[in-house]
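K.L.:
dropping the sequence and predicted coords here.
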Amino acid sequence: MFDNKRTVYVPQGDELDIAVACHRLQLPLMLRGPTGIGKTTFVYYLSSVLNKPLVEEVCTEDTLAADLVGRRLPDGWVDGSATSSLRHKDGAVYYLDELGEARPNAMTVVHSLTDDRRTLDVRVNGEVLRASDDWMLISSYNPLYQLQNNVKPSTAQRFITLDIPFPESELEERIVSEVIKGDSLITENVSVKKYKNNGNVPINKLVKLANDYRRLAQSAESVGLREGPGTRLVVRTAKLIGYGLSELRAIEVGMINPLTYDSEQKVGMTDIARKLFR
């Protein structure tokens with residue numbers, strides 16, 4: 001557990017706005033970046049902004065599906081972290097920290113919770129849990145770890161993906177200064193941007209862009225791009241644009257980031273997008 005009143009995060013960009021958009025659109029969010037840069041702190045702060053309880057699972061190489069779903073012990077059934085989060089009728093933030101380290105069978109649970117149905121089949125109990133409208137799934141991982149290969153394309157493409165970089169020097173100095181003075185974090189209020197809904201989502205251009213990326217993945221110029229975007233990513237990118245995000249930013253977090261972390265690939269894919277979206 002944590003103290004909502006003392007957990008304050010200073011955004012580096014629009015990550016808070018995009019996270020709130022994902023909550024409202026019921027889209028799962030992936031935070032990607034090196035260790036110790038504030039991904040978990042960001043999730044703590046987001047849960048306080050949303051006024052939702054936080055249920056956290058710190059994934060390790062020993063994390064199994066049973067840790068997420070639950071298990072039957074001699075004294076009776078014990079919920080796992082996912083099951084526990086879903087039982088909050090008014091919603092919760094469910095956070096899977098370092099998802100890339102979890103065992104493969106845990107990913108089956110993640111897949112169930114990241115499709116549009118947002119359900120969890122607890123077969124041993126004969127129940128199906130459905131996420132409330134205010135429930136949100138957030139995962140994180142360090143793409144520099146060798147274990148990040150466990151985040152397969154089939155999993156990565158289920159998330160809107162935000163890259164969290166190291167903070168700029170001035171901000172990092174400020175954070176360090178506040179922490180060593182004994183404050184938990186910088187205490188300032190951060191407002192959430194209000195987006196204006198966009199009723200003219202360029203669906204035909206998004207589909208064309210997706211096909212361009214698919215051709216790139218199949219070509220000799222892909223330089224390791226594992227696959228192109230599935231229709232799920234196209235749909236979710238369209239939802240972000242409809243919510244009010246700029247077209248290029250929605251494409252970045254909705255299509256490009258889930259497909260690659262490589263900086264050269266990201267630049268090349270952004271250049272392709274700029275030809276259609278100016």
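P.N.:
Everything's here; your move. Residues are numbered from 1 along each chain as shown.
K.L.:
which helix or strand contains Ala21?
P.N.:
Assigned by DSSP states H and E, Ala21 falls within helix 15-25.
K.L.:
phi, psi for the residue nearest to Val124 when sequence neighbours are not counted please.
P.N.:
In space, and not counting its chain neighbours, Val124 is closest to Arg72: 6.1 Å by CB to CB, 6 or more residues apart in numbering. (Glycine included, C-beta is placed from N, CA and C.) Dihedral pair for Arg72: phi -100, psi 120, per degrees, to the nearest 10.
K.L.:
with Ala106 instead?
P.N.:
The phi/psi pair for Ala106 (degrees, to the nearest 10) is phi -70, psi -30.
K.L.:
ok, now how distant is it from Leu96?
P.N.:
Remark: distance between Ala106 and Leu96 (CB to CB, to the nearest Å) = 9 Å.
K.L.:
pick out whichever of those two has more residues nearby.
P.N.:
Neighbour count, other CB atoms under 10 Å: between Ala106 and Leu96, Leu96 has more, with 29 against 24.
K.L.:
the more buried one pairs with what?
P.N.:
Beta-bridge partners recorded for Leu96 (DSSP bridges): Glu57, Ser139.
K.L.:
that one is in contact with Val55, isn't it?
P.N.:
No - with contacts counted by CB atoms under 8 Å, Leu96 stays clear of Val55, the gap being 9.8 Å.
K.L.:
list the contacts of the closest residue to Tyr261 other than its chain neighbours.
P.N.:
Closest residue in space to Tyr261, ignoring its immediate chain neighbours: Pro143 at 4.4 Å, by CB to CB, 6+ apart. Pro143 sits next to 32-33, 261 when contact means CB atoms under 8 Å, 6 or more residues apart in numbering.
K.L.:
out of these, who's the most crowded?
P.N.:
Within the contacts of Pro143, most neighbours by other CB under 10 Å means Arg32, with 24 neighbours.
K.L.:
pLDDT weak spots in the stretch 1-150 of the chain?
P.N.:
Confidence mapping of the stretch 1-150 of the chain against pLDDT under 70 gives the ranges 1-8, 146-150.
K.L.:
same question for the stretch 151-278 of the chain.
P.N.:
By pLDDT under 70, the low-scoring segments of the stretch 151-278 of the chain are 182-190, 222-223.
K.L.:
let's see that with 50 instead.
P.N.:
186-187 (pLDDT under 50).
K.L.:
which residues touch Lys266?
P.N.:
Applying CB under 8 Å, 6+ apart, the residues near Lys266 are 252, 256-257, 260.
K.L.:
now the residue nearest to Tyr261, what's its secondary structure?
P.N.:
Three-state call for Pro143 (DSSP: H, G, I helix; E, B strand; the rest coil): coil.
K.L.:
got it, and Thr35?
P.N.:
coil.
K.L.:
so it makes contact with Ser140?
P.N.:
No - Thr35 is not in contact with Ser140 according to CB under 8 Å; the separation is 10.0 Å.
K.L.:
nearest to Leu171, of the contacts of Pro143?
P.N.:
Ranked by distance to Leu171 (CB to CB), these are led by Gly33 at 14.7 Å.
K.L.:
find the nearest non-adjacent residue to the closest one, please.
P.N.:
Ile164 (3.7 Å).
K.L.:
re earlier: of the contacts of Lys266, which is the most crowded?
P.N.:
With neighbours defined as other CB under 10 Å, the most crowded of the contacts of Lys266 is Ile256; it has 25 neighbours.
K.L.:
looking at this, that one is in a helix?
P.N.:
Yes - assessed with three-state DSSP, Ile256 lies in a helix.
K.L.:
next one: it from Leu233, what distance?
P.N.:
10 Å.
K.L.:
if we can go back for a sec, the residue nearest to Gly33 contacts Arg32, doesn't it?
P.N.:
Yes - taking CB under 8 Å as the definition, Ile164 is a contact partner of Arg32 at 6.8 Å.
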